[in-house]
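*Asks:* Just to be clear, the model below is a prediction. Sequence and coordinates:
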Amino acid sequence: MQIGFIGTGVMGTGIVVNLLKAGHSVVVYNRTKAHAKTVLDAGATWADTPADVAAQAKLVMTMVGYPSDVEDVYTGKHGIFTTIQPDSVVVDMTTSTPALAVKLTGVAHDHHVLALDAPVSGGDVGAKNATLTVMVGGDKAAYDRVLPVFQQIGQRVNYFGNAGKGQHTKMANQIMIAGTMTGLTEMLVYAKAAGLDLPQVLATLSSGGADNWSMDNYVPRILKGDYTPGFFAKHFLKDLRIALQEADRMQLDLPATKQAKLLYEAMVDDYGLGDDGTQGLIKTYEQN
């Protein structure tokens with residue numbers, strides 16, 4: 001299949017490489033071409049604009065940074081909808097707002113195109129190893145067409161309903177991750193202050209009820225002083241803000257998630273660590 005992919009960041013790179021390994025032809029666009037070098041070296045071809053991508057592929061997938069980036073990629077002057085072919089499918093894999101997913105689906109239908117919102121979980125490891133969890137909302141007919149492709153990049157794919165439902169599911173995921181990230185950070189701070197052997201603590205907790213994906217994947221990086229992003233802290237903060245906005249709309253109070261947002265705001269806004277991975281939250285404790 002000829003697939004278009006827009007956004008070759010940490011996650012997008014792993015996904016594109018796996019699409020190429022599965023035998024697809026992939027044409028890519030990224031705001032900074034140098035960041036597409038890995039996928040271009042792996043066999044992807046380059047397009048100069050999102051419009052150029054859409055002109056060449058009837059399945060166009062996007063994974064960019066913020067909702068404003070999503071909107072520009074789709075509806076901007078050189079956006080996907082300026083050249084998209086009828087009967088195509090567009091799949092936004094960015095973690096974005098449910099409302100924007102609904103809006104873009106409406107625009108897609110105006111162009112006789114089907115649309116999915118399909119954010120993922122699993123970080124850089126999941127993207128690299130094709131073990132992502134894919135959470136999908138949007139047109140069911142599009143889901144049925146794209147499912148074989150999703151299965152080539154992820155180990156679990158679930159359809160949740162109409163446009164925006166994939167994004168709502170990702171918000172639930174991020175609410176849960178917020179708790180595990182603050183928990184693993186404070187666990188390490190406490191264990192270190194108590195004079196415990198931290199690798200031994202990790203090995204012990206990983207075999208018991210405290211085990212979780214974030215601890216297993218991020219504590220080893222912290223112990224090595226590795227804060228490279230499997231997922232950017234600034235993007236996680238964006239997600240927490242979206243989750244809390246959606247909670248407000250549903251008249252929900254989520255005090256633990258609010259506290260996690262405050263902690264990540266300190267990390268990103270006060271300490272300037274937004275380009276670190278989410279595990280960099282522990283740096284803010286070390287500086288207090």
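*Replies:* The structure has been received and is ready for your questions.
*Asks:* Give me the distance between the residue lying farthest from the centre of the chain and Val201.
*Replies:* Residue distances from the centre of the chain (CA atoms, centre = their mean) peak at Gly195, which lies 36.0 Å from the mean C-alpha position. Here Gly195 is placed at a distance of 11 Å from Val201 (CB to CB, to the nearest Å). To be clear about C-beta, it is placed using only N, CA and C from the backbone, and glycine gets the same treatment.
*Asks:* Strands of this structure, residue ranges please.
*Replies:* According to DSSP state E, the chain carries its strands in the segments 2-6, 25-29, 45-46, 59-62, 89-92, 114-117, 120-121, 132-138, 154-159.
*Asks:* List the contacts of the longest one.
*Replies:* In this case it means strand 132-138. With contact meaning CB atoms under 8 Å, 6 or more residues apart in numbering, strand 132-138 is reached by 15, 93, 98, 101, 105, 114-122, 126, 143, 150, 153-170, 173.
*Asks:* swap in the fifth one?
*Replies:* Contacts with strand 89-92, where a contact means CB under 8 Å, 6+ apart, come from 58-63, 70, 74, 80, 84, 101, 104, 108, 113-118, 142, 145-146.
*Asks:* Give me the buried entries from those.
*Replies:* Neighbour counting by 16 or more other CB atoms under 10 Å classes 58-63, 70, 74, 80, 84, 101, 104, 108, 113-118, 142, 146 among these as buried.
*Asks:* Now do the residue nearest to His235 when sequence neighbours are not counted, the pLDDT please.
*Replies:* Counting by CB to CB, 6 or more residues apart in numbering, His235 lies nearest to Gly65, which is 6.4 Å off, once chain neighbours are set aside. Confidence at Gly65, expressed as pLDDT, is 94.
*Asks:* pretty sure Gly65 contacts Val73?
*Replies:* No: contact criterion CB atoms under 8 Å: Gly65 and Val73 do not qualify, at 10.2 Å.
*Asks:* And stretch 81-90, end to end?
*Replies:* 10 Å (CA to CA, to the nearest Å).
*Asks:* Show me what counts as buried in stretch 47-55.
*Replies:* By 16+ other CB under 10 Å, the buried positions in stretch 47-55 come out as 47, 49-55.
*Asks:* contacts for that stretch?
*Replies:* Here stretch 47-55 makes contact (CB under 8 Å, 6+ apart) with 4-6, 27-29, 56, 60, 62, 73-74, 76, 78-85, 88.
*Asks:* again, but for stretch 143-152
*Replies:* Stretch 143-152 is contacted from outside by 1, 3, 18-19, 22, 24, 59, 89, 91, 114, 116, 118, 130, 134, 136, 157, 159, using CB under 8 Å, 6+ apart.
*Asks:* Next: stretch 220-236.
*Replies:* The contact list for stretch 220-236 (CB under 8 Å, 6+ apart) reads 10-11, 65-66, 95, 123-125, 174, 177, 181, 188, 198-199, 202, 217-218, 264, 267-268, 273-283.
*Asks:* mind checking how far Lys140 is from Asp110?
*Replies:* According to CB to CB, Lys140 stands 19 Å off from Asp110.
*Asks:* burial count for Ser207?
*Replies:* By other CB atoms under 10 Å, 9 other residues sit near Ser207.
*Asks:* Then Gly23?
*Replies:* Count around Gly23 with other CB under 10 Å applied: 8.
*Asks:* swap in the one 4 residues further on?
*Replies:* The number of residues packed near Val27 is 20, by other CB under 10 Å.
*Asks:* show me the contacts for it.
*Replies:* Shown in contact with Val27 (CB under 8 Å, 6+ apart): 2-5, 44-47, 52-53, 56-57.
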